[in-house]
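# Give the three-dimensional model of this entry:
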Amino acid sequence: MSQDPAVAYGDKARYDRATAGLDAPLAVVDLAAFDANADDLVRRAQGKPVRVASKSVRCRALLERVLAREGFAGIMSFTLDESLWLARSGFGDVLLAYPTADRAALTELTRDARAAAAVTVMADDPAHLDLIDACRPAGHGAEIRVCLELDTSYRVGGGALRVGARRSPLRRPSQLAALAGEVVRRPGFRLVGLMAYEGHVAGVGDEVAGRPVFSRTVRMMQAAARKELAGRRWEAVRAVRAVAPRLEFVNGGGTGSVQHTAAEAAITEIAAGSGLFVPRLFDNFRAFRGRPAALFAQPVVRRPGPGVVTVLGGGYPASGAAGADRLPEPYLPAGLRYDPQEGPGEVQTPLLGAAADRLAIGDKVWFRHAKAGELCERFDTLRLVDGDRVVATVPTYRGEGRTFL
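Down below sits the predicted model:
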């Protein structure tokens, strides 16, 4: 994200004042930016509720904050163990976005009627239902809420070219209807939802700085993919509702596609989470410009020479295909870059640029992570900043002793 130097310096000065009495490494969330990003998600959702993707937040206090805002409803979780913990913490609507093979957690779920009423599990194969049944106590235990997932990948040339994540094997409406019938026929299950996550639209930027041809290609692909998926998703919902007329929700979207997915009549709710923190991978979208809300600071510990400082740690790459875009971004002060021979290191990171000469030992350099919630796996606490003050310190999942993946 290109920054006006004056604005960037003002933010650095504000964050430095807020954390003047705190040693780095540390992580902050700017509450004004977080709330503004939440408002933007609601605006783009066009009246449809936004379900918060917990993997992109990984902090109960911030989940509570955003769910207290108008326009948000429910959590999309990433493991069953996490889902149970959230349900028992008072979150009443938790959709597990991925199938589980966690037998211990499934056993807990089938034996805890209150948790089972709050948690919906994901299935795209009869084997998922078999595994749940194998974990049930005698007498079938609690009724299990089930959501089916539609494959959203875009395929061209009879499948010769495929764009999109390899997720569900359920692509055709008839396949979803068949599994829906299996769920409905089995005692102890209730089919309540359908999910389709279009990651190749929601998570791929369509306006990448310095890459106009690539960006135009992405926009063309995404336009075609949205059109194909909208028709197939409508048919899939119709096929599933013919089997389960009382389907409670149809979930779709992601931060980058909120406004497009919300426009589909078949969709009843939108999933989003990264748009609250706005990590660096979400700088490349034409449809919206979020405010970076989650940052981490590393202290300057060395000055090896002119135009160079070294900070402690910083080697926090994001998941996904390895590449420079998965690295944290040296953000404030503006104008710092990695040494191409070293990159971000396990215990120290040299940074190059004229801005280095204005930094002293002990000063903070502020970074943005490439992804949203993964930052919280590196820090026990988040300092919540309002203006130029830290107004609260809250634990991340890690800080509560919960490392689910």
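
# Give the other helices and strands that the helix or strand that Asp133 is a member of contacts.
If you go by DSSP states H and E, Asp133 is part of helix 126-134. Contacts of helix 126-134 with other secondary structure elements, assessed using 3 or more C-beta pairs under 8 Å, 6 or more residues apart in numbering; DSSP states H and E, are made with helix 103-111, strand 119-123, helix 173-185. The way it works is simple: take the backbone N, C-alpha and C, and place the C-beta from them, glycine included.

# Just say which of those is most tucked in.
Neighbour counts averaged per stretch over the helices and strands packed on helix 126-134 are highest for strand 119-123, at a mean of 26; criterion: mean count of other C-beta atoms under 10 Å.

# Report the strands that pair with that strand, each with its relative direction.
Looking at strand 119-123 with DSSP bridges, its partner strands are strand 94-96 (parallel), strand 144-149 (parallel).

# Could I get the pLDDT score of the residue nearest the centre of the chain?
For the chain, the residue sitting closest to the mean C-alpha position, by C-alpha atoms, centre = their mean, is Ser56 at 3.3 Å. Note for Ser56: predicted pLDDT of 97.

# isn't it right up against Leu276?
Yes: checked against C-beta atoms under 8 Å, the pair Ser56 and Leu276 is within contact range at 6.8 Å.

# ok so, going back, which one, of the strands paired with strand 119-123, ends up nearest to Asp112?
In this view, those are compared for proximity to Asp112 by C-beta to C-beta, and strand 144-149 is the closest at 11.0 Å.

# and Val258, that's in a strand?
No: if the criterion is DSSP: H, G, I helix; E, B strand; the rest coil, then Val258 is helix and not within a strand.

# Counting neighbours, what do you get for the nearest residue to it once chain neighbours are set aside?
Sequence neighbours aside, Arg44 is the residue nearest to Val258 in space, at 4.2 Å (criterion: C-beta to C-beta, 6 or more residues apart in numbering). Burial measure for Arg44: 22 neighbouring residues, criterion other C-beta atoms under 10 Å.

# try Met220
Counted by other C-beta under 10 Å, the residues lying close to Met220 total 11.

# Report pLDDT for Ala355.
You'll see Ala355 listed with a pLDDT of 96.

# separation between the residue nearest to Leu22 when sequence neighbours are not counted and Leu26?
Counting by C-beta to C-beta, 6+ apart, the nearest residue to Leu22 once its immediate chain neighbours are dropped is Arg383, at 6.9 Å. Counting by C-beta to C-beta, to the nearest Å, the separation of Arg383 from Leu26 is 6 Å.

# Overlap in contacts, those two.
Counting by C-beta atoms under 8 Å, 6 or more residues apart in numbering, the residues touching both Arg383 and Leu26 are Thr19.

# Go through stretch 121-138 and flag the buried ones.
If you call a residue buried by 16 or more other C-beta atoms under 10 Å, then stretch 121-138 has these buried ones: 121-124, 128-129, 131-133, 135-136.

# what two of the residues you listed are the furthest from one another?
The two members of the buried residues of stretch 121-138 with the most space between them (C-beta to C-beta) are Asp124 and Arg136, at 20.2 Å.

# Pretty sure Pro304 sits in a strand.
Yes: the assignment for Pro304, made by three-state DSSP, places it in a strand.
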